[in-house]
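Undergrad: kindly generate the corresponding structure for this input.
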Amino acid sequence: MFERILVATDGSKHSQRAAEAAAEMARLYGSTIIALYVVDIGKEYAPLGDLTAKSSEEMIAGIRSSLQDQGEKATRSVAEMAERSAIPAIRRIVEGYPAQDIIRIAEEEKAGLIVMGGIGASGLDRFFLGSVADKVVRSSKIPVLVVKDKKKQL
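TA: Numbering: from 1, shown residues only. Next up, the predicted model:
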């Protein structure tokens, strides 16, 4: 049914749960998992303020390197989990805008399903669905499975 399942990861516990759900589906359908991390280029420029050109270039390089490292760890974690279950995995790290690039890479990789956590690493909750997940659900032509944490008691 799903030859390829794209798992959008940001390294958070929410995306780890999404990866576990994707691995279950991949086992059932004999799918390949594509672990994707999008280096959010919007985050590179957010903290700059009134810095000189040289210091801002250095800061951007440091932020970019840190985000690339996060992406390496996040996609490695998903790929290793998949491979422990004999599920083929591909790792992708791209720079861009998360919602747009999750959809773009899913289409490029011919994924039959996108799986992602409901709340990202920021921990912010946009009326119970993270803003990136919300944008992907609303814009993707590919089916999207949003994996949420267990319901919290009020």
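Undergrad: would you map the strands across this protein?
TA: 4-8, 32-40, 89-96, 113-117, 144-147 (DSSP state E).
Undergrad: quick one: low-confidence parts of the chain?
TA: 43-56, 120-130, 150-154 (pLDDT under 70).
Undergrad: can you rerun that using 80?
TA: 1, 42-60, 119-130, 149-154 (pLDDT under 80).
Undergrad: relative to strand 32-40, how tilted is the longest helix belonging to the chain?
TA: In the chain, taking DSSP state H as the definition, the longest helix is helix 53-84. Per axes from the mean of the first three to the mean of the last three CA atoms, to 10 degrees, the angle that helix 53-84 makes with strand 32-40 is 160 degrees.
Undergrad: can you give me how far helix 53-84 is from the chain middle?
TA: Computed by CA atoms, centre = their mean, to the nearest Å, the chain-centroid distance of helix 53-84 equals 12 Å.
Undergrad: buried stuff in it?
TA: Under the neighbour-count criterion of 16 or more other CB atoms under 10 Å, helix 53-84 has 56, 59-60, 63, 67, 70-71, 74-79, 81-82 buried. The C-beta positions use only the backbone N, C-alpha and C, and glycine is treated the same way.
Undergrad: and for stretch 11-18?
TA: 11-12, 14-18.
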